[in-house]
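Undergrad: attaching a predicted model along with its sequence, questions to come.
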Amino acid sequence: MRTFLPSESCKEAQLNALNPQSWLQVERGKLSKSSSQSPSIESFIKVPEPPILPFFKPVDYVEVLAQIHEELESCPAHLRSNLYLLQYQVFKGLGEVKLMRRSLRSAWMKASTVHERLIFGAWLRYEKQGEEFISDLLSSCGKCAKEFGLIDIASELPTDSTGDVVMNENQILRTVSFWIEDEKVECDRQKIAGLSEPFNAMLNGCFTESHCQDIDLSRNNISPSGMRAISDFSLTGSLNGAPPKLLLEILVFANIFCCEKLKDACDRKLASLVSCRQDAVELMEYALEENSPVLAASCLQVFLHELPDSLNDNEVVELLCNANSQYRSIMVGAASFSLYCLLSEVAMNQDPCSDKTAILLEKLIECAETDRQRLVAYHQLGCVKFRRKEYNVAEKFFEAALNAGHVYSVVGLARLGGIKGDKTWGYDKLSSVISSVTPLGWMYQERSLYCEDEKSWEDLEKATELDPTLTYPYMYRAASLMKKQNVEAALAEVNRVLGFKLALECLELRFFFYLSLEDYKAALCDVQAILTLSPDYRMFEGRVAASQLRTLVREHVDNWTTADCWLQLYDRWSSVDDIGSLSVVYQMLESDPAKGVLYFRQSLLLLRLNCPEAAMRSLQLARQHASSEHEQLVYEGWILYDTGHCEEGLRKAEESINLKRSFEAFFLKAYALADSSQDPSCSSTVISLLEEALKCPSDRLRKGQALNNLGSVYVDCLKLDLAADCYINALKIRHTRAHQGLARVHYLRDDKVAAYNEMTKLIEKAQNNASAYEKRSEYCERELTKADLEMVTRLDPLRVYPYRYRAAVLMDNHKEKEAIAELSRAIAFRADLHLLHLRAAFHEHIGDVLGALRDCRAALSVDPNHQEMLELHSRVNCQEL
């Protein structure tokens, strides 16, 4: 959902005249800039209601994670993957992308059946869309990374274990001739009898056929060639050479006559022939009708391997949506819920309003076996029905989810009440929820929609206090202030959230604020930052491409030369204005031929802004636009390093250096080596590499970074004079962050005052300075430390150190409840290992064993291998026993 839209009556055709300054009217030369009167800002600014999120959002996620961890400690192996799937859904509701992927990987690794391995392997492959090139890079380094490739299904599923048929071999006749139409197929009587009990009864029992040499099989849907293949199988146990059409004929025949080993051989042979989606579509129907699990799983594997494209195939969708419980069992064993979880998520990502999405979610409900599974499915289907404006049906599913224990589904019911004109019901219902549980930010945010302005403002303030990551309260307040012409306060409000969370909807809102103020330069900066993050982004509730608006705004801004752009980039980089730097780089990419270098700079900024996916996209573009092989190798090295393949990244740096000694190759090698080696002696190597980098040509932005890094290595080696020289030289070329390194040198020289003053300089220069306040807090007395850390929390509430510090101070003052409350305040919106660890230790200290154990288990869900957490968990667990 976009966050800024015109009035409801506005149509796409009217957008050209919608801007308060009528600047949009210059499009296509239709109107002059002064040809019409500007509409009021009230008609222009509108913040939509926050979306109803189709996620599992428990009131106490810590409790749920702890329960999952406890169950994982003792549950049978076949239940583990479903528990990890639930863990994934909790982390998805929290927006923790890395933890989501780790849970999926755990589900895949702990899979107890081939079907679970298929599903979770396909899910991980789907999550890694666009990262296939990383596997290629690893292959170029001699490392195989095809871990989610196709599985040999036949080898994973057990062969038919039906015992041999007990036969009466006192028959005089040793052969039997089967007549099919006008052809005779001669077979070994006992070999055919050994295929199944029905054949044995026919050929050796009390039936008339047991005394016949010739038997007519013309009406049993088998051809002469099919019968000959069956005869060969009875002798050799092999179906080699039989074409697919004949195998299907034999499969049907084997089912009629209960020839289990023949059927199993047929099943496996057909499965080995599935090579593409069309094969899978054609064969899946046979697999389901003839109860052929190996073939069905092989067909399903092709569908899953080709996600999301396969869900655009109507035949595939029809097969998956029409599968009843019996067919699902054949196709995917006991893993139906996991399968339809994956399929419905892919469908929702494609189009949450489609019939396909709704049907797949209905199947998900059918497959649910536990209350927790059902409440997730009910809520998701409620969200989809709401989006489709099927309000009565949506209400039924939201109520079902709420009754199953999913309190967040009350949001859907409240919205439906509002649509029906009963806002009082929504307000009362949310008030009831707030009074009955520990309140969360989203509860007050939602209640604000059903009350008057003053009360709404109070609720949104409370929402921000409880969960500062919610963007709607900031946007509502900013829009309200802007409508009252309180421009400075409106911009300050939207800047609060942009200071720690680069939300596209907030950038879009600020873009329109700047338009209303005729500050086209600032508006251009924001729309270019938006396009960097999301090149296909659309504004006005998706009606207008951001790129189109950028073109129109550009008409009102002076053009910059290449030299101007570099000067602007230098100024903004030096003032730690990362959004401004992104915008300048975007503009430079239009005309500067050195696109590889610029995309690389873009990736560095995006990493700094905590946008790893966009950063990886920029790194790929840098690689594609590299001007030389040695430059390309550097970008490949960074791609490998950033995806956790440090050794391979080092190898790429060395290959690049062998081709040409360059700043970036030496810098990459030094960076990767410093991060990967535990050997203290490697510091001298890192120093040498950085010194070599500084000898190579580069611009001052990168040289400043190298000097800063070199200073850090010298500090670690306690070579403080050399470190100070590096930081001072970095500051001479305006690498502003070097103030932090120099402050550390002063501190290690026992000069806390100088360290404090140095950090103050950084705070004054940097636009994004929360980290600077946090660092300065280490160099002052307790009262000033508390003031600095309060400022950190205001600027960036996602930083956890201030909460931990305040909690520790409270604990030192024997204010245990207040200390735990301080940690709980942050834990409510941030699943952080260190916060949970400290709260667990506090619970242990006051003798609350159950509270400590709960936090230990939740923390180990976040990081199962954290050694200190494992030790604390073991100690607390012993106390409970």
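TA: That came in fine, so what should we check first? Numbering: from 1, shown residues only.
Undergrad: please compute how far stretch 382-395 lies from its chain's middle.
TA: 25 Å (CA atoms, centre = their mean, to the nearest Å).
Undergrad: can you give me the strands in this protein?
TA: Ranges of strands in the chain, per DSSP state E, are 175-180, 183-188, 214-216, 538-539, 544-545.
Undergrad: just name the most buried of those strands.
TA: Of all these, strand 538-539 carries the top mean neighbour count, a mean of 20, counting by mean count of other CB atoms under 10 Å. C-beta here means a position set from N, CA and C on the backbone, and glycine is covered the same way.
Undergrad: strand partners of it, parallel vs antiparallel please.
TA: Strands flanking strand 538-539 in the sheet, each with its direction: strand 544-545 (antiparallel) (DSSP bridges).
Undergrad: check the offset of the strand it pairs with from the chain's centre.
TA: The chain centre lies 26 Å from the centre of strand 544-545; the measure is CA atoms, centre = their mean.
Undergrad: distance to residue 602 for the strands of the chain - can I get that in CSV?
TA: What follows is the strands of the chain, written out as CSV (distance: least, CB to CB, whole Å):
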stretch, distance to residue 602
strand 175-180, 71
strand 183-188, 72
strand 214-216, 77
strand 538-539, 21
strand 544-545, 20
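Undergrad: compare the ones you listed and give me the one nearest residue 300.
TA: With distances scored as CB to CB, the stretch of the strands of the chain nearest to residue 300 is strand 175-180 (34.4 Å).
Undergrad: in its sheet, what does that closest one sit against?
TA: Sheet partners assigned to strand 175-180 using DSSP bridges are listed as strand 183-188 (antiparallel), strand 214-216 (parallel).
Undergrad: what does that strand rub up against?
TA: Counting contacts by CB atoms under 8 Å, 6 or more residues apart in numbering, the residues outside strand 175-180 that touch it are 184-189, 192, 203, 212-218, 222-224, 227.
Undergrad: apply 6 Å and report the result again.
TA: Outside strand 175-180, the residues that touch it by CB atoms under 6 Å, 6 or more residues apart in numbering are 184, 185, 186, 187, 189, 214, 215, 216, 217, 218, 224, 227.
Undergrad: looking at those, spot the one nearest residue 109.
TA: Closest to residue 109 out of the contacts of strand 175-180 is residue 227 (46.7 Å), distances taken as CB to CB.
Undergrad: residues in a beta bridge with the nearest residue to that closest one once chain neighbours are set aside, which ones?
TA: Once flanking residues are discounted, residue 227 sits nearest to residue 185: 4.3 Å by CB to CB, 6 or more residues apart in numbering. The residues listed as beta-bridge partners of residue 185 by DSSP bridges are residue 178.
Undergrad: who are the contact partners of residue 185?
TA: Applying CB under 6 Å, 6+ apart as the definition, the contact partners of residue 185 turn out to be 178, 224, 227, 228.
Undergrad: and residue 578, by the same measure?
TA: Counting by CB under 6 Å, 6+ apart, residue 578 has contacts 605, 608, 609.
Undergrad: tell me the confidence at it?
TA: On pLDDT, residue 578 comes in at 94.
Undergrad: how close does it get to residue 700?
TA: Remark: distance between residue 578 and residue 700 (CB to CB, to the nearest Å) = 18 Å.
Undergrad: do the same with residue 752
TA: Using CB to CB, residue 752 is found at 31 Å from residue 700.
Undergrad: what's the answer for residue 693, then?
TA: The span separating residue 693 from residue 700 equals 14 Å under the rule CB to CB.
Undergrad: these two: who's more crowded?
TA: When residue 693 is set against residue 700 and neighbours are counted by other CB atoms under 10 Å, the residue ahead is residue 693, at 27 against 16.
Undergrad: what's near enough to touch the more buried one?
TA: With contacts defined as CB under 6 Å, 6+ apart, the neighbours of residue 693 are 663, 666, 667, 706.
Undergrad: same check on residue 366?
TA: Taking CB under 6 Å, 6+ apart, one finds nothing in contact with residue 366.
Undergrad: residue nearest the centroid of this protein?
TA: The centre of the chain sits closest to residue 97, judged by CA atoms, centre = their mean, with a distance of 4.2 Å.
Undergrad: give me the pLDDT for residue 31.
TA: The confidence metric pLDDT takes the value 29 at residue 31.
Undergrad: likewise for residue 166?
TA: The per-residue pLDDT reported for residue 166 equals 55.
Undergrad: kindly report the same for residue 443.
TA: Note for residue 443: predicted pLDDT of 98.
Undergrad: same question, residue 8
TA: Residue 8 is assigned a predicted lDDT (pLDDT) of 35.
Undergrad: if we can go back for a sec, among the contacts of strand 175-180, which two are most distant?
TA: Farthest apart among these by CB to CB are 189 and 218. That separation is 19.2 Å.
Undergrad: so between these two, which is more surrounded?
TA: Between residue 189 and residue 218, counting by other CB under 10 Å, residue 189 is the more crowded of the two (22 against 13).
Undergrad: re earlier: which of the contacts of residue 693 are buried?
TA: Judged by neighbour count, with 16 or more other CB atoms under 10 Å as the criterion, the buried members of the contacts of residue 693 are 663, 666, 667, 706.
Undergrad: one step back: who wins for most neighbours among the contacts of residue 185?
TA: In these, the most neighbours by other CB under 10 Å go to residue 227, 24 neighbours.
Undergrad: look up how far residue 264 lies from it.
TA: Relative to residue 264, residue 227 is positioned 19 Å away (criterion: CB to CB).
Undergrad: repeat for residue 737
TA: Separation of residue 737 from residue 264 (CB to CB) stands at 66 Å.
Undergrad: same thing with residue 595?
TA: Residue 595 is 58 Å from residue 264, where distance means CB to CB.
Undergrad: I'd say residue 411 and residue 52 touch.
TA: Yes: here residue 411 reaches residue 52: they are 5.3 Å apart, a contact under CB atoms under 6 Å.
Undergrad: residue boundaries of the helices in the stretch 751-881 of the chain?
TA: 752-765, 770-776, 782-795, 801-812, 816-827, 833-845, 849-862, 867-880 (DSSP state H, counting those that start in this stretch).
Undergrad: out of those, which gets nearest to residue 101?
TA: helix 849-862 (13.1 Å).
Undergrad: mind checking how far that closest one is from the chain centre?
TA: Chain-centre distance of helix 849-862: 25 Å, with CA atoms, centre = their mean.
Undergrad: and if you look at stretch 619-631?
TA: Between the mean C-alpha location of stretch 619-631 and the chain-wide mean there is a distance of 26 Å, by CA atoms, centre = their mean.
Undergrad: please enumerate the helices of the stretch 251-400 of the chain.
TA: In the stretch 251-400 of the chain, the helices defined using DSSP H, counting those that start in this stretch lie at 260-272, 277-289, 293-305, 314-321, 325-332, 336-350, 355-367, 371-387, 391-403.
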